[in-house]
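Participant: I would like the atomic coordinates for the input below:
(chains A, B, C and D)
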Protein chains: 2
Amino acid sequence: MQWEFTNDRAISSQIVEIIQKGILSGVYPPGSSLPSVRVLAVEAGVNPNTMQKALAELETQGLVRTQRNSGRTVTNDERLIMKLKEQAAARYVEQYFTHMQSLGITRGDAASTLQSQVGEVS
Amino acid sequence: MQWEFTNDRAISSQIVEIIQKGILSGVYPPGSSLPSVRVLAVEAGVNPNTMQKALAELETQGLVRTQRNSGRTVTNDERLIMKLKEQAAARYVEQYFTHMQSLGITRGDAASTLQSQVGEVS
DNA sequence: GTCACTGTATTAGATACTTAATACAGTGAC
DNA sequence: GTCACTGTATTAAGTATCTAATACAGTGAC
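Facilitator: From the prediction side, this is the model:
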């Protein structure tokens, strides 16, 4: 997990997205237990309150379960994970097209441009 | 120009991006004059100070020129515009791949997924 | 029972952003 | 010269975010 933040958005929101991706990509497998708030806060280099806020948000999304005095675990609901993963992917696709269209680039041209860079090493 | 803002990022930053896209896409052609700070502020529904901040940022990027007492114009430097447009497009491509990779999706699969949605109406 | 660990809550301070209400200097039309 | 418009600057207030420093209740190992 790489905790790198930009200062153009709230840190807690960025944490939510990072952990979301960790769960949706399988880095945090279904049912596995998460480090404690305090440990995660140290790892990420943020205040425990900030990490707490992010984890609370993840819980309302159903991605994380909390056992009041014994830590948190990733949900076991693999169908939910798969569904959210597909939704996220679809959102990224549309976000790409939207950005390119606002530059005056059609969906077709946007697709060609992307296709030509699949092999690039970035 | 559609002035719609989310509250997860600074409004002034969002204004910068919207006007940038307007210039790079040709909605604001090279050399054309921009509405005044106060008019743009009303259009966008924000405080003049906020619009001023965004326009100042655009000027440091070289996309906009200011004639101290007679308004602002879009730069005439079409090469700069073209260059920035290509850079922005390349950035969106990489951003897409990065997002998909953090979901555990390879560049190749990310390209296929996108290709399959070119024709969608969104 | 003690200790070390959980999540959670509260208070205070610093900072950034946005709005609001002004003000000033320069320009161009009349 | 007056008026209406430019960009720019300043001050104050409200809000959101993050940090810091605590505190409390519950659990499990020993």
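Participant: do any residues in the helix ranked longest in chain A lie close to chain B?
Facilitator: If you go by DSSP state H, chain A has its longest helix at helix A:78-102. Yes - in terms of C-beta under 8 Å from any C-beta of the partner chain, part of helix A:78-102 sits within range of chain B, namely A:85, A:88-90, A:92-97, A:99-100, A:102. In short, each C-beta sits where N, CA and C put it, glycine included.
Participant: in ChimeraX, how would I select the buried members of those residues?
Facilitator: To isolate the buried subset of the residues of helix A:78-102 next to chain B in ChimeraX, counting by 16 or more other C-beta atoms under 10 Å in any protein chain shown, use the following:
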select /A:85,88,89,92,93,96,97,99,100,102
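Participant: hmm, back to that, which elements pack onto the longest helix of chain A?
Facilitator: Helices and strands touching helix A:78-102, as assessed by 3 or more C-beta pairs under 8 Å, 6 or more residues apart in numbering or on different chains; DSSP states H and E, comprise helix A:11-25, helix A:107-115, helix B:78-102, helix B:107-115.
Participant: again, only this time at 10 Å
Facilitator: When contacts are defined as 3 or more C-beta pairs under 10 Å, 6 or more residues apart in numbering or on different chains; DSSP states H and E, helix A:78-102 packs onto helix A:11-25, helix A:107-115, helix B:11-25, helix B:78-102, helix B:107-115.
Participant: for these, give me TSV that also has mean pLDDT and distance to A:Val39.
Facilitator: Formatted as TSV, the helices and strands packed on helix A:78-102 follow (pLDDT from 0 to 100; distance: least, C-beta to C-beta, whole Å):
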stretch	mean pLDDT	distance to A:Val39
helix A:11-25	97	13
helix A:107-115	96	39
helix B:11-25	97	33
helix B:78-102	97	22
helix B:107-115	96	32
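Participant: how is chain A carved up into domains?
Facilitator: Here the domain parsing of chain A from automatic domain parsing is A:11-76, A:79-115.
Participant: for those, give me JSON lines that also has distance to B:Ala41.
Facilitator: Formatted as JSON lines, these follow (distance: least, C-beta to C-beta, whole Å):
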{"stretch": "domain A:11-76", "distance to B:Ala41": "27"}
{"stretch": "domain A:79-115", "distance to B:Ala41": "21"}
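Participant: need the residues of chain A near DNA strand D, please.
Facilitator: Contact residues (C-beta under 7 Å from any atom of the strand) of chain A with DNA strand D: A:10-13, A:45-50, A:53, A:68-70.
Participant: gap between A:Asp77 and A:Gly71?
Facilitator: From A:Asp77 across to A:Gly71, the span is 18 Å (C-beta to C-beta, to the nearest Å).
Participant: and what of A:Thr113?
Facilitator: 45 Å.
Participant: those two: which is more packed in?
Facilitator: Legend: neighbour count by other C-beta atoms under 10 Å in any protein chain shown for A:Thr113 and A:Gly71, higher for A:Thr113 (17 against 14).
Participant: which ones among the residues of chain A next to DNA strand D map onto helices?
Facilitator: Among the residues of chain A next to DNA strand D, the residues falling in helices (DSSP H) are A:Ile11, A:Ser12, A:Ser13, A:Pro48, A:Asn49, A:Thr50, A:Lys53.
Participant: A:Arg65 belongs to a helix, doesn't it?
Facilitator: No - A:Arg65 is assigned strand when assessed by DSSP: H, G, I helix; E, B strand; the rest coil, not a helix.
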